[in-house]
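[1] Here is my input, please return the structure:
(one chain, ligands or ions: 1)
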Amino acid sequence: MEKKQELYSGKAKSVFATDDNDYVVLSFRDDTSAFDGEKVEQLSRKGEVNNKFNAFIMQYLSDNGIPTHFEKLLNATESLVKNMKMIPVECVVRNVASGSLVRRLGVEDGMELNPPVFEFFLKNDALHDPMINEYHIETFGWAKAEDVNKMKDLTFKVNKLLKKLFADAGMILVDYKLEFGLFKGGVYLGDEFSPDGCRLWDAETRKKLDKDRFRQGLGGVIEAYEEVAHRIGVPL
Ligand code: 5GP
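    Next comes the predicted model:
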């Protein structure tokens, strides 16, 4: 597989064409951003840690029946993935109240959510990723109703699998964001799953082990990601 020209550069990853139109190279950079790209820093080793972390999680999810775009690790910072048409919608599940839910609804940070809360957001930095619902998605043609149902169903299946994976390693999966895409008519999990797009707390101390360390200037960001990786058995 030959890596060709850059197709797209996002806030933390870049996408490159290959000589096969069905596949692209996802390249994880050290760039770390928050607040819709307003805070940006380079964190050494982040590209490598997130690439390997994501590969481990995507493989785990694939092995457990979740269709994902992941094909294989190529090197320390790059993976081969299916060339999907991305759906510009973020699917968020929350097991514990934190972040924007607390700001929006004034509920207590750390409150357990039973049943978990599901939310859709539009992927649009300029609009600050506004919250949307199924009607917006269908009316504005961001995805078909049947694909919206699949995204929702898959996001909850991922919750069951990952809540247990992290709980068994002494962590609480507080919340996370997933993105999906279409490949040959099917809905597949895309983008990445790493501590950049979820909240993970130590089950005993509630220490934050995710991107909130960067957002809140707590330091030890990559060290925390590496600790999570180590605990669940990601080979770094
Ligand atoms: P919140 O709505 O509380 O800001 O985010 C909920 C969860 O989704 C958090 O785990 C957060 O990291 C993730 N999330 C939401 N939007 C984004 C985004 O645009 N980029 C990333 N990396 N994660 C996001």
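
[2] pretty sure residue 47 contacts residue 30?
    Yes - if you go by Cβ atoms under 8 Å, residue 47 and residue 30 touch, sitting 4.9 Å apart. (C-beta placed from N, C-alpha, C; glycine too.)

[3] okay, those two: which has more neighbours?
    residue 47 (21 against 17; other Cβ atoms under 10 Å).

[4] Excluding sequence neighbours, find me the nearest residue to residue 96.
    residue 174 (4.4 Å; Cβ to Cβ, 6 or more residues apart in numbering).

[5] which ones are touching the one you found?
    By Cβ atoms under 8 Å, 6 or more residues apart in numbering, residue 174 lies in contact with 94-96, 98, 198-201.

[6] Highest neighbour count among those residues?
    Highest neighbour count within the contacts of residue 174: residue 200, with 27 neighbours (other Cβ under 10 Å).

[7] now that residue: how far from residue 119?
    With the distance defined as Cβ to Cβ, to the nearest Å, residue 200 ends up 18 Å from residue 119.

[8] Count residues in the vicinity of the residue in the chain that the ligand sits nearest to, would you?
    For the chain and the ligand, the shortest gap (Cβ to the nearest ligand atom) falls at residue 99, measuring 2.3 Å. Neighbours of residue 99 under the rule other Cβ under 10 Å: 16.

[9] Let me see the contact set for it.
    Applying Cβ under 8 Å, 6+ apart, the residues near residue 99 are 175, 199, 212.

[10] same thing but 7 Å
    175, 199 (Cβ atoms under 7 Å, 6 or more residues apart in numbering).

[11] Quick check: phi and psi at it.
    As for residue 99, its main-chain torsions (degrees, to the nearest 10) stand at phi 60, psi -130.

[12] okay, the contacts of residue 174 in a markdown table with pLDDT and secondary structure next?
    As requested, those are arranged in a markdown table below (pLDDT from 0 to 100; DSSP: H, G, I helix; E, B strand; the rest coil):
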| residue | pLDDT | secondary structure |
| --- | --- | --- |
| 94 | 99 | strand |
| 95 | 99 | strand |
| 96 | 99 | strand |
| 98 | 98 | coil |
| 198 | 98 | strand |
| 199 | 98 | strand |
| 200 | 99 | strand |
| 201 | 98 | strand |
